[in-house]
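K.L.:
With the input below, show me the fold.
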Amino acid sequence: MRRIAPLALAFIGLFLITLGHASEPAITFKDVIDTGEKAQEVKEQAQNDDSLQPGDTPLSTMLALMDAVEQGAWDNASQYLDMRYLPADMADADPAVLIKQLSIVWSQQRILDLTRISNEPEGHSNDGLPSYRDKIGTLTLPDESLTLYLQRIPEDGRRVWKISNTTVREIPRLWDTFGYNPAIVKLADYLPDFTFLHMQNWQVAGLVLILVGCWIIAALTRRLLLAVLEHSDRYRNTLHRFFAVPVRWFLFFKLLQLGVGELGLSIKARVYLNESALGYLASVFLALGIIELLSALFLSNATNQKYWSGIIRPVRTILKMIAIVVIFLLWLSDSGYDITTVLTGLGIGSIAIALAAQKTLENVIGAFTLYIAKPIQPGDFCKVGTTAGIIEEIGLRSTRIRRTDRSVVYVPNSVLSSASIENISESDLRRYRRDLHIRLGATPDQLRNLLADLRRLIYSHPRLTEKAARVRFVDILRDSYRLEINAYVDSSEFGEYLAVSEDLNLRILSLLEQQGLQLAVPVQQWIRGDRPVESEGETVPDSTLQAFPDFEKEAKTTMKGTLDYPEKGRHEQE
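P.N.:
Numbers count the residues shown, from 1 in each chain. The predicted structure follows:
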């Protein structure tokens with residue numbers, strides 16, 4: 001975890017920087033949409049008013065000017081420039097070129113809100129300006145702000161609203177600051193005249209070149225990072241996918257965002273392409289890549305992989321969904337939309353989902369309970385109710401158990417977290433317990449010698465512990481004598497327990513054979529009352545072993561580990 005923390009902080013910091021750069025535009029996507037809708041309404045109202053001619057009011061002048069600009073009729077648009085009283089160095093200036101330059105500079109910074117333009121012949125009367133002058137808007141220069149005006153001047157026997165000569169004389173300075181390179185202007189003349197997404201022909205061509213260049217740079221950077229990564233044994237596997245996919249797309253969109261910003265796009269094109277879309281797409285790929293990377297780094301540890309893999313995968317998916325939703329909400333907010341209503345709707349929807357998915361939430365809570373309390377782990381052999389098997393995976397909803405017949409059972413976590421679980425794998429010892437039913441007819445001396453031999457066996461066996469080790473003659477039944485053997489094997493592994501159990505079973509059979517005893521089997525005997533009962537105990541021990549009630553403690557200690565395990569076969573003994 002100490003190795004993961006610095007990487008996590010670095011990538012999270014990069015992600016926050018990305019979001020910070022993506023939230024800079026002053027004019028939002030919603031502003032563009034709303035302004036366009038309002039402009040359309042104003043146009044429809046003006047078209048229905050036949051009493052006004054272009055130039056009669058500030059609004060009629062701006063509508064006529066906008067129509068000419070949209071059609072590319074720069075000569076018609078230049079009629080609305082007041083070319084009187086200009087400086088001597090502008091005497092030969094082409095009005096069509098001036099109005100085109102002003103239109104380009106204006107589109108880079110502002111969107112004209114027609115609702116603020118007066119439709120009265122006298123213009124606004126309460127704006128603090130002379131009655132013959134109205135304000136269009138303000139442009140921001142590096143060191144100052146420049147206000148653009150409309151001015152009402154006499155022309156052909158009537159008074160007409162035009163862009164003031166004070167504004168016209170500033171156009172060359174505005175173009176020097178925000179205009180295009182002359183070489184680019186010449187390039188545009190050789191390309192077909194068209195616009196796409198408020199971009200001019202040369203800007204579209206430049207965008208295509210930037211797309212290709214950004215893709216090549218991102219691909220080369222990806223290859224370089226992967227080549228460097230090959231020299232790292234620690235992070236080669238975990239970082240490979242991060243550099244191969246998320247980093248490549250992040251670099252591509254960020255470089256594309258920077259390149260588009262150098263095209264001198266209009267404010268509408270920038271909102272559509274740059275600030276609104278590209279920055280947030282880069283943020284999405286970076287956020288998803290960071291989540292994928294951190295989960296891979298966490299699961300690179302063998303212990304975490306074994307225990308946490310079942311829950312990390314669904315949690316990783318949930319985190320990705322949350323990241324996408326959060327970035328989308330940030331985009332909505334930066335685009336000018338009020339997300340309070342959206343968040344309120346999400347809150348109400350979350351309550352409804354929580355009520356509808358109550359069982360699912362119980363399973364999720366149960367999963368976290370299992371991960372925190374850790375009563376079971378993947379690989380443990382457990383018994384839950386009537387289901388016994390190996391725990392393969394603890395998921396977010398259910399736990400997968402592989403039964404001994406290789407079938408799979410999925411137990412809901414809500415049931416598992418509240419059920420009684422027998423974790424057999426956590427047993428420190430395995431219990432060996434047998435009931436020996438000795439056939440009737442055995443003599444007391446035979447039973448005493450058998451008990452002594454069995455006690456010697458469990459005390460001297462190297463794989464049995466002293467805990468609760470005992471052999472007792474516990475019951476006399478109608479068809480047998482019952483002896484109980486109890487001991488614990490010093491291993492929790494089931495395979496080792498079976499091996500020791502097999503060894504003990506064979507040794508017990510040998511002791512029964514030595515004592516001339518047989519195990520009782522279910523049989524029926526008919527005994528005639530006029531015949532004497534024949535004794536089966538022909539083999540009587542020469543001497544009775546006095547091992548009642550048990551061996552002394554010193555004798556047990558001496559016996560411990562004296563048997564060979566595993567027992568040698570007869571050919572090995574010979």
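K.L.:
what helix or strand is the residue nearest the centre of the chain on?
P.N.:
In the chain, the residue lying closest to the centroid (C-alpha atoms, centre = their mean) is Arg316, at 3.0 Å. In the assignment (DSSP states H and E), Arg316 maps to helix 302-334.
K.L.:
Now do the strands in the chain.
P.N.:
Assigned strands in the chain, in chain order: 133-140, 145-155, 158-163, 381-384, 387-394, 398-403, 408-412, 421-423, 430-439, 470-476, 480-489 (criterion: DSSP state E).
K.L.:
Please produce CSV containing those, extended by distance to Leu447.
P.N.:
All C-beta atoms are positioned from the backbone trio N, CA, C, and that covers glycine. Shown next, in CSV, are those (distance: least, C-beta to C-beta, whole Å):
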stretch, distance to Leu447
strand 133-140, 110
strand 145-155, 114
strand 158-163, 124
strand 381-384, 37
strand 387-394, 37
strand 398-403, 42
strand 408-412, 46
strand 421-423, 36
strand 430-439, 7
strand 470-476, 6
strand 480-489, 6
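K.L.:
wait, isn't the residue nearest to the centre of the chain in contact with Ile291?
P.N.:
Yes: if you go by C-beta atoms under 8 Å, Arg316 and Ile291 touch, sitting 6.0 Å apart.
K.L.:
To Asn201, which of the strands of the chain lies closest?
P.N.:
Closest approach to Asn201 among the strands of the chain (C-beta to C-beta): strand 133-140, 24.7 Å.
K.L.:
Poorly predicted segments of the stretch 51-200 of the chain, please.
P.N.:
The stretch 51-200 of the chain contains no residues with pLDDT under 70.
K.L.:
And for the chain?
P.N.:
1-26, 234-235, 274-276, 301-311, 342, 345-360, 523-550, 567-574.
K.L.:
domain assignment for it?
P.N.:
4-21+198-356, 49-179, 371-426, 430-525+535-573 (automatic domain parsing).
K.L.:
Just put those domains in TSV and tack on distance to Lys43.
P.N.:
Compiled in TSV, the domains of the chain are given as follows (distance: least, C-beta to C-beta, whole Å):
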stretch	distance to Lys43
domain 4-21+198-356	17
domain 49-179	6
domain 371-426	56
domain 430-525+535-573	85
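K.L.:
nearest to Lys30, of those domains?
P.N.:
Nearest of the domains of the chain (C-beta to C-beta): domain 4-21+198-356, 3.0 Å.
K.L.:
From the chain's centroid, how far away is that closest one?
P.N.:
For domain 4-21+198-356, the separation from the chain centroid amounts to 12 Å (computed by C-alpha atoms, centre = their mean, to the nearest Å).
K.L.:
For stretch 499-510, buried residues please.
P.N.:
499-501, 503-504, 507-508 (16 or more other C-beta atoms under 10 Å).
K.L.:
Among those residues, which pair sits farthest apart?
P.N.:
Across the buried residues of stretch 499-510, the longest distance by C-beta to C-beta is 15.3 Å; it joins Ala499 and Ile508.
K.L.:
is it true that Val168 touches Arg84?
P.N.:
No: contact criterion C-beta under 8 Å: Val168 and Arg84 do not qualify, at 9.1 Å.
K.L.:
ok, those two, which is more surrounded?
P.N.:
Val168 (24 against 11; other C-beta atoms under 10 Å).
K.L.:
how about the nearest residue to the more buried one, chain neighbours excluded?
P.N.:
Closest residue to Val168 apart from its sequence neighbours, by C-beta to C-beta, 6 or more residues apart in numbering: Leu81 at 5.4 Å.
K.L.:
same deal with Gly137?
P.N.:
Nearest non-adjacent residue to Gly137, counting by C-beta to C-beta, 6+ apart: Arg110, 5.2 Å away.
K.L.:
State the distance from Ser266 to Ile136.
P.N.:
From Ser266 across to Ile136, the span is 17 Å (C-beta to C-beta, to the nearest Å).
K.L.:
Mind checking which of those two has more residues around it?
P.N.:
Ser266 (24 against 20).
K.L.:
and the more buried one, what does it touch?
P.N.:
104, 107-108, 198-199 (C-beta atoms under 8 Å, 6 or more residues apart in numbering).
K.L.:
Now do the contacts for Leu81.
P.N.:
For Leu81, the contact set (C-beta under 8 Å, 6+ apart) comprises 95, 98-99, 162-163, 168.
K.L.:
closest to Tyr272 among the residues you listed?
P.N.:
Taking C-beta to C-beta as the measure, Tyr272 lies nearest Ile99 of the contacts of Leu81, at 24.7 Å.
K.L.:
Tell me how many other residues surround that closest one.
P.N.:
24.
K.L.:
That one and Asp82, how far apart?
P.N.:
11 Å.
K.L.:
which residues do those two both contact?
P.N.:
By C-beta under 8 Å, 6+ apart, Ile99 and Asp82 have these common neighbours: Ile163.
K.L.:
how far does stretch 79-91 sit from the chain's center?
P.N.:
How far stretch 79-91 lies from its chain's middle: 62 Å, per C-alpha atoms, centre = their mean.
K.L.:
An error on my part: the question was meant for stretch 473-487.
P.N.:
Stretch 473-487 sits 62 Å away from the centroid of its parent chain (C-alpha atoms, centre = their mean).
K.L.:
gap between the two ends of that stretch?
P.N.:
15 Å (C-alpha to C-alpha, to the nearest Å).
K.L.:
which outside residues touch that stretch?
P.N.:
By C-beta under 8 Å, 6+ apart, the surrounding residues in contact with stretch 473-487 are 431-440, 442, 447, 450-451, 454, 458, 461, 464-465, 468-472, 504, 508, 520, 522-523.
K.L.:
just checking, Phe298 touches Arg313?
P.N.:
No: at 11.6 Å, Phe298 does not count as touching Arg313 under the criterion of C-beta under 8 Å.
K.L.:
neighbour-wise, which of the two wins?
P.N.:
In this view Phe298 and Arg313 are compared by other C-beta under 10 Å, and Phe298 has more residues nearby, 18 against 15.
K.L.:
ok, that one to Ala64 distance?
P.N.:
In terms of C-beta to C-beta, Phe298 sits 65 Å off from Ala64.
K.L.:
now do Leu286
P.N.:
Distance, Leu286 to Ala64, using C-beta to C-beta: 48 Å.
K.L.:
Looking at these two, which is more packed in?
P.N.:
The residue with more neighbours, out of Leu286 and Ala64, is Leu286; 27 against 19, by other C-beta under 10 Å.
K.L.:
residues in contact with the nearest residue to that one once chain neighbours are set aside?
P.N.:
Distance criterion C-beta to C-beta, 6+ apart; nearest residue to Leu286, sequence neighbours excluded, is Phe250 at 4.5 Å. For Phe250, the contact set (C-beta under 8 Å, 6+ apart) comprises 18, 282, 285-286, 289.
K.L.:
one more time with 7 Å, if that's ok
P.N.:
Listed by C-beta atoms under 7 Å, 6 or more residues apart in numbering, the contact set of Phe250 reads 282, 285-286, 289.
K.L.:
just checking, Arg152 touches Tyr132?
P.N.:
Yes: using C-beta atoms under 7 Å, Arg152 is in contact with Tyr132, at 4.3 Å.
K.L.:
Who has more neighbours out of these two?
P.N.:
Counted by other C-beta under 10 Å, Arg152 and Tyr132 do not tie: Arg152 has more neighbours, with 24 against 16.
K.L.:
Show me what the more buried one is bridged to.
P.N.:
Arg152 forms beta bridges with Trp161, as assigned by DSSP bridges.
K.L.:
What's the separation between it and Ile117?
P.N.:
Counting by C-beta to C-beta, the gap from Arg152 to Ile117 is 13 Å.
K.L.:
what does Phe494 give?
P.N.:
In terms of C-beta to C-beta, Phe494 sits 88 Å off from Ile117.
K.L.:
what about these two, which has more around it?
P.N.:
Taking other C-beta under 10 Å, Phe494 and Ile117 do not tie; Ile117 has more neighbours (23 against 13).
K.L.:
Pull the contacting residues for Ala419.
P.N.:
Going by C-beta under 7 Å, 6+ apart, Ala419 touches 384-385.
K.L.:
who's in contact with Ile458?
P.N.:
Taking C-beta under 7 Å, 6+ apart, we find Ile458 in contact with 464, 469, 471, 485, 487.
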